[in-house]
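1. Structure, please.
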Amino acid sequence: MVVVTLQRAKCIGCNYCVELAPGQFQMSRKDGKSVLLRSLDKKGFHTLKSKEDFIFNDCDKAAKACPVKIISVKHV
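-> Numbering: from 1, shown residues only. Now for the predicted structure:
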């Protein structure tokens with residue numbers, strides 16, 4: 001299982017996550033910040049738990065490219 005977490009409040013809207021993992025991220029038209037698709041929000045941490053291992057590589061690239069380091073990706 002892959003767990004992806006986004007601290008959305010700290011997002012600066014650089015769009016790298018969307019470019020590298022468009023199946024999991026998109027930019028909000030309301031505030032220009034990243035949205036982690038199909039995630040649950042708990043106190044500002046948006047978390048996606050997926051059994052689809054193939055999303056790991058793209059999400060990991062997005063996490064590494066994020067200039068404010070607000071994305072984490074791990075296998076559990």
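
2. next SSE after the longest helix along the chain?
-> When every helix of the chain is counted residue by residue (DSSP state H), the longest turns out to be helix 55-65. Read in the C-terminal direction, the helix or strand following helix 55-65 is strand 71-75, with elements assigned using DSSP states H and E.

3. now that next one and helix 55-65, what's the angle there?
-> Interaxial angle, strand 71-75 versus helix 55-65 (axes from the mean of the first three to the mean of the last three C-alpha atoms, to 10 degrees): 150 degrees.

4. hmm, back to that, rounded mean pLDDT for the longest helix of the chain, please.
-> Helix 55-65 shows an average pLDDT of 98 in the prediction.

5. what packs against that helix?
-> Using 3 or more C-beta pairs under 8 Å, 6 or more residues apart in numbering; DSSP states H and E as the contact criterion, the elements in contact with helix 55-65 are strand 2-7, helix 16-20, strand 71-75. Yep, even glycine has a C-beta here, placed from its N, CA and C like the rest.

6. Just put these in JSON lines and tack on mean neighbour count and distance to Lys43.
-> Compiled in JSON lines, the helices and strands packed on helix 55-65 are given as follows (neighbours: other C-beta atoms under 10 Å; distance: least, C-beta to C-beta, whole Å):
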{"stretch": "strand 2-7", "mean neighbour count": "21", "distance to Lys43": "10"}
{"stretch": "helix 16-20", "mean neighbour count": "19", "distance to Lys43": "20"}
{"stretch": "strand 71-75", "mean neighbour count": "17", "distance to Lys43": "15"}
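
7. The longest helix of the chain: how far from the chain's middle?
-> Helix 55-65 sits 8 Å away from the centroid of its parent chain (C-alpha atoms, centre = their mean, to the nearest Å).

8. May I see the buried residues of that helix?
-> Ile55, Phe56, Asp58, Cys59, Asp60, Lys61, Ala62, Ala63 (16 or more other C-beta atoms under 10 Å).

9. pLDDT value on the nearest residue to the second one once chain neighbours are set aside, please?
-> Right, the one you point to is Phe56. Closest residue to Phe56 apart from its sequence neighbours, by C-beta to C-beta, 6 or more residues apart in numbering: Val2 at 4.9 Å. Each residue has a pLDDT score; the one for Val2 is 98.
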